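predicted structure and sequence below. I'll ask about it afterward.
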Amino acid sequence: MQEQRKLWRAVGLALTTSAVAGSSIYLAPSSPATAATPALTPAMMLFQAGEGDEGGEGGQKVDLATNDAAYLAHLGLLRGHLWVGMQLYRDGHMEMAKTHMKHPKDELYAALLPSFKARQVDGFASQLEALTEAVTQEQPAAQVEAKYAQLETAITSVEQSSQKSVRSHLLALSSMLRSAAAEYKLGLDPNQPMLHEYQDAAGFTQIAIARLTQLQQAELNEAEQEAMTKALRYIEQLPELWPRLDQIESSQDSSLLYGVAARIELLAYSMS
């Protein structure tokens, strides 16, 4: 129980401090992971981890009310949208920020409502709406930052990280990186580049890094600690993927993100 409480505190810290850790997604070139896996369509945003009690089978949709990894991944994607929106807001790209702030409510939040009821947790609709309004109405920066902090706290509460296994956390991170890869591929489409998707991929990856960084620091057993260290190293070995957020500027490939997602998934399944 003490280990679980420390893990909960670590994850909560990661996700409330991720807003000021933006530089960590702009990774210096190194030796990349190169394995590729089939793409997920961004509209699905499904957790696809192969067969097993934590993942889906044959790409089938899983139940967020009962599947911890899928639940954490879905919340991670929502956090990723918010992170991008806040980064763009802070950089003065108001119209881009407004678009990203609308997507969590329009595309992701509704799917979580049944799982909130099943898991007996309160949602965060009011906090999400408050932040969206603050950004779209271009309220003073102090008000926007305060509402973002309140929303982050509310999301941390419903995640219930202390009740989730390290295996579930790793599978969720793998799923988030697969979604990032799918969005990154769309963003770099030579026929029709999509800046919004390119930005989404950055947000999903940033939240994965923030979670891993803090999970690595939690009090875990030797095997879990080693898995976290390896997972973070895989991401750190990626080349620079987002030189900037306000425009597409990359010569990299989505297979790099798919490769890291696959390697983290294997680590997850090595956990008992």
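Noted; the coordinates are in hand. Keep in mind that what you see is a predicted model, and the values were worked out from it rather than measured. Numbering: from 1, shown residues only.

isn't Thr99 right up against Leu195?
No: taking Cβ atoms under 8 Å as the definition, Thr99 is not a contact partner of Leu195, at 9.8 Å. C-beta coordinates here come from the backbone N, C-alpha and C atoms, glycine included.

okay, those two: which has more neighbours?
Set Thr99 next to Leu195 and count neighbours by other Cβ atoms under 10 Å: Thr99 wins out with 19 against 14.

next one, pLDDT for the more buried one please.
Model confidence at Thr99, given as pLDDT, is 93.

same check on Gln214?
76.

tell me the SS of it?
Here Gln214 is recorded as helix under DSSP: H, G, I helix; E, B strand; the rest coil.

from His169, how far off is it?
10 Å (Cβ to Cβ, to the nearest Å).

more neighbours: the two, which one.
His169 (28 against 22).

show me what contacts that one?
Contacts for His169 (Cβ atoms under 8 Å, 6 or more residues apart in numbering) come out as Val11, Ala69, Leu72, Ser161, Arg211, Leu215.

and Glu240, helix, strand or coil?
Under three-state DSSP, Glu240 comes out as coil.

what's the burial count for it?
Glu240 has 15 neighbours, counted by other Cβ under 10 Å.

all helices for the chain, in order.
2-17, 68-90, 94-103, 110-119, 125-136, 141-159, 166-187, 195-217, 222-236, 255-269 (DSSP state H).

save the ones you listed as TSV, and put in distance to Val62 too.
Converted to TSV, the helices of the chain look like this (distance: least, Cβ to Cβ, whole Å):
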stretch	distance to Val62
helix 2-17	21
helix 68-90	5
helix 94-103	21
helix 110-119	11
helix 125-136	23
helix 141-159	17
helix 166-187	10
helix 195-217	18
helix 222-236	21
helix 255-269	14
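
for the ones you listed, which one ends up most surrounded?
helix 166-187 (a mean of 27; mean count of other Cβ atoms under 10 Å).

chain center to that one, what's the gap?
7 Å (Cα atoms, centre = their mean, to the nearest Å).

restricting to C-alpha, output that helix in CSV.
Listed next in CSV are the C-alpha coordinates belonging to helix 166-187 (Å, rounded to 0.1, in the frame of the first residue of the first chain):
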residue,chain,number,x,y,z
VAL,A,166,3.0,-0.8,-13.3
ARG,A,167,2.0,-3.1,-16.1
SER,A,168,-1.1,-1.1,-16.8
HIS,A,169,0.8,2.2,-16.7
LEU,A,170,3.3,0.9,-19.3
LEU,A,171,0.6,-0.4,-21.6
ALA,A,172,-1.1,2.9,-21.4
LEU,A,173,2.1,4.7,-22.3
SER,A,174,2.6,2.4,-25.3
SER,A,175,-1.0,3.1,-26.4
MET,A,176,-0.4,6.8,-26.1
LEU,A,177,2.7,6.6,-28.2
ARG,A,178,0.9,4.6,-30.9
SER,A,179,-1.7,7.4,-31.1
ALA,A,180,1.1,9.9,-31.2
ALA,A,181,2.7,8.0,-34.1
ALA,A,182,-0.6,7.9,-36.0
GLU,A,183,-1.1,11.6,-35.6
TYR,A,184,2.5,12.4,-36.5
LYS,A,185,2.1,10.4,-39.7
LEU,A,186,-0.9,12.5,-40.6
GLY,A,187,0.9,15.6,-39.7
